[in-house]
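Okay, sequence plus prediction incoming.
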Amino acid sequence: MRFESLSAFFYMDGHGVYIWAAYGLTLVILAANLWWPMLARRNIIRTAKSAMLKGMNSQRPEDQS
């Protein structure tokens, strides 16, 4: 498929709005599929570290002076 100009390429015989919206939505979903697990992993690690530190502090023997 050849286009005579850049504007014809973006217009795509009247289907450009649908096509570019589909591409945009696909990119947003792909970005969310990369970002969301990284955010969840970070939160899980943060929660686990917090729980581990709380456990270590409760097991620490008190200083006997």
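It's in.

what comes up buried for the helix or strand of the chain with the lowest mean pLDDT?
Across the helices and strands of the chain, the lowest-confidence element by mean pLDDT, DSSP states H and E is helix 6-11, at a mean of 88. For helix 6-11, the neighbour count (16 or more other CB atoms under 10 Å) marks no residue as buried. All C-beta atoms are positioned from the backbone trio N, CA, C, and that covers glycine.

Which residues does it contact?
3, 16, 20 (CB atoms under 8 Å, 6 or more residues apart in numbering).

Just checking: the least confident one among the residues you listed is which?
The lowest pLDDT within the contacts of helix 6-11 belongs to Phe3, with 81.

name the element the spatially most central residue of the chain belongs to?
Taking CA atoms, centre = their mean, the centroid of the chain lies closest to Trp35, which sits 1.3 Å from it. Take DSSP states H and E as the rule and Trp35 turns out to sit in helix 16-59.

who does that helix touch, helix- and strand-wise?
Here helix 16-59 touches no other helix or strand, going by 3 or more CB pairs under 8 Å, 6 or more residues apart in numbering; DSSP states H and E.

How far does that helix sit from its chain's centre?
5 Å (CA atoms, centre = their mean, to the nearest Å).

Offset the numbering so it begins at 33, please.
Sure thing, new numbering starts at 33, so read that last one as helix 48-91.

Could you list the low-pLDDT ranges of the chain?
Counting by pLDDT under 70, the low-confidence segments of the chain come to 33, 92-97.

what separates Gly46 from Met70, distance-wise?
39 Å (CB to CB, to the nearest Å).
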